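Participant: 3D, please:
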Amino acid sequence: MDKELLLQTKVSSLPRRTFAVQLAEHKFILMAVDGILVLATLLLGLRFGAQRSGWVFSLSLILDYSLWFIGLTALYFVLATVNDAYKPKVAANPVASFVALLKTVLQIFVLYMLVYALSPFFWLPRHFMGFFAVVSPFLLFGWRRLYSSAFAFPVFQRRTIIVGAGWAGQSIVKTIKDFAPTYYEVVGFVDDDSAKQQTTIQNVPVIGSTADLPVLAQKKGVTDIVLAINRNVKGEVLAHLLTCYEHGARVFTMSDLYERLTDRVPVEHTGDNWFVVLPLDSNGQNLFYRLIKRMLDIIIALIGLICFGLLLPFLALLIKLDSPGPIFYRQKRMGRAGKEFELIKLRSMVVDAEADGRAKWAEKYDLRVTRAGLFLRRTRLDELPQLLNVLSGEMSLIGPRPERPEFVAGLQQKIPFYRTRLTVKPGLTGWAQVNYDYGRSASDALEKLRYDLYYIKHQSLQLDLVILLKTIGIILLLKGI
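Facilitator: Model (predicted):
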């Protein structure tokens, strides 16, 4: 093994692609120009508002509203992130990009007008925000179109070789095409299987073996190499990767690039790399983060329960008028470290929905769901009693949704690393809930696990805030199912 790692291939430094832009740099450029345009539009809006209100537009007026400028710009970045405006797939798609920007600006407009309505008369300029709401979506969209057109040129793209043309390699090629087609140019595969040489897989040629990697990287002007071999990576392959790295190429594993592009963990492609899915260095182990999160859980749960108490008489009447049976529904769920607890919900199904005693997945058009239950599910109001579980510490506000023990037993047999979900407290809402539909099968559970593992690995107050805001958006749009 040591000798294999010492293998040297005579190759000079890779040709520098000075303008090849990394994913993080794409996001930075988008955010920097977005921020300038938002501030410029707010400034023009203030000038317009001052003219309409008969105010003198001056430096002192700008300074008077400087905190509003900073606050609204910060709010823009938060809401743009919540609306996925900085995801590569969205930023490169004209329709998706415009929708994300329009939603962001409209949300800012609504919040500002709410503050305006509650503020003293003439304290805030009305036309100021009207100008921003009308002009900024088109200005920002114009910039996005210019950006996506300019950075689609080959000079800005990352030229990439995939090491391994098997299942994992083909999956990362598909992921690149689906999520960042204008950011990456896949030059080809390298694979030691002689049957794959000189073939084309997913419209990508197999251009050589792993022994050819350093020379191919130099000839093709490669900037990125993705290792898509999950098992039995030979020492000589690692040596060739190291040679490329030493000469200027960035080296990623398939799972690392997949995470960056999709905000998910590719559970089925980790192979022997078990450390990829375990939260070994997660913020969840950080004492400060855990204390802040628990404090917020308690505060928000108490506020939520007060609001729930005010709504309960009306919701109880709605449930009772629609179908006979109790108002609340209790069900065994599995929490952290496999500890079972009783989850509390407002009843949304008919009584004895599982009369045969067998646990069943909920279906998309489930006949067991009552008319009142459909409303409760779409608005997520049926979940509010779980704030009691949050307050007691059995759940957190944010985390993977708790699953039924009957399902967990089966899913652990079918899905690798499924038990990793049990390393954190389950949540009232989570990363999987705001990015994927209601789980109705084992395949849905696998997809949701990809998102849950991403959350477990990348826990932070910022990610929790994004999930919370996305959840509010889902509730307001009645997309709870």
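Participant: spatially central residue for this structure, please.
Facilitator: Closest residue to the average C-alpha location of the chain: Asp263 at 4.8 Å, with CA atoms, centre = their mean.
Participant: isn't that residue up against Tyr454?
Facilitator: Yes. At 5.5 Å, Asp263 counts as touching Tyr454 under the criterion of CB atoms under 8 Å. In this view, the C-beta of every residue, glycine as well, is placed from N, C-alpha and C.
Participant: shared neighbours of those two, anything?
Facilitator: Jointly contacting Asp263 and Tyr454 under the rule CB atoms under 8 Å, 6 or more residues apart in numbering are Trp431.
Participant: now the strands for this protein?
Facilitator: Assigned by DSSP state E, the chain shows strands spanning 158-163, 184-190, 200-201, 204-208, 224-227, 250-253, 328-334, 340-346, 396-398, 427-429.
Participant: list the helices and strands the shortest one packs on?
Facilitator: Read it as strand 200-201. helix 167-179 (3 or more CB pairs under 8 Å, 6 or more residues apart in numbering; DSSP states H and E).
Participant: kindly format the C-alpha coordinates of the helix it packs on as CSV.
Facilitator: Extracted C-alpha coordinates of helix 167-179, given in CSV (Å, rounded to 0.1, in the frame of the first residue of the first chain):
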residue,chain,number,x,y,z
TRP,A,167,-23.7,3.6,-10.3
ALA,A,168,-22.2,6.3,-8.1
GLY,A,169,-20.4,8.0,-11.1
GLN,A,170,-23.6,7.9,-13.2
SER,A,171,-25.6,9.4,-10.3
ILE,A,172,-23.2,12.3,-9.9
VAL,A,173,-23.3,13.1,-13.6
LYS,A,174,-27.1,13.1,-13.5
THR,A,175,-27.0,15.3,-10.4
ILE,A,176,-24.7,17.8,-12.1
LYS,A,177,-26.9,17.9,-15.2
ASP,A,178,-30.0,18.4,-13.0
PHE,A,179,-28.7,20.9,-10.5
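Participant: okay, buried residues for that helix please.
Facilitator: For helix 167-179, the neighbour count (16 or more other CB atoms under 10 Å) marks 168-173, 175-176, 179 as buried.
Participant: also stretch 442-451?
Facilitator: 445-451.
Participant: give me the contacts around that stretch.
Facilitator: 262-268, 400-401, 403, 407, 410-411, 414-415, 417-418, 421, 430-432, 435-439.
Participant: rerun that using 10 Å as the cut-off
Facilitator: The list of residues contacting stretch 442-451 from outside it, by CB atoms under 10 Å, 6 or more residues apart in numbering, reads 258-259, 262-268, 277, 361, 400-401, 403, 407-408, 410-411, 413-418, 420-421, 430-439, 441, 452.
Participant: in this structure the residue nearest to the centre of the chain contacts Asp452, no?
Facilitator: No. Asp263 lies out of contact with Asp452 (CB atoms under 10 Å); the separation is 11.4 Å.
Participant: good, we can wrap up now.
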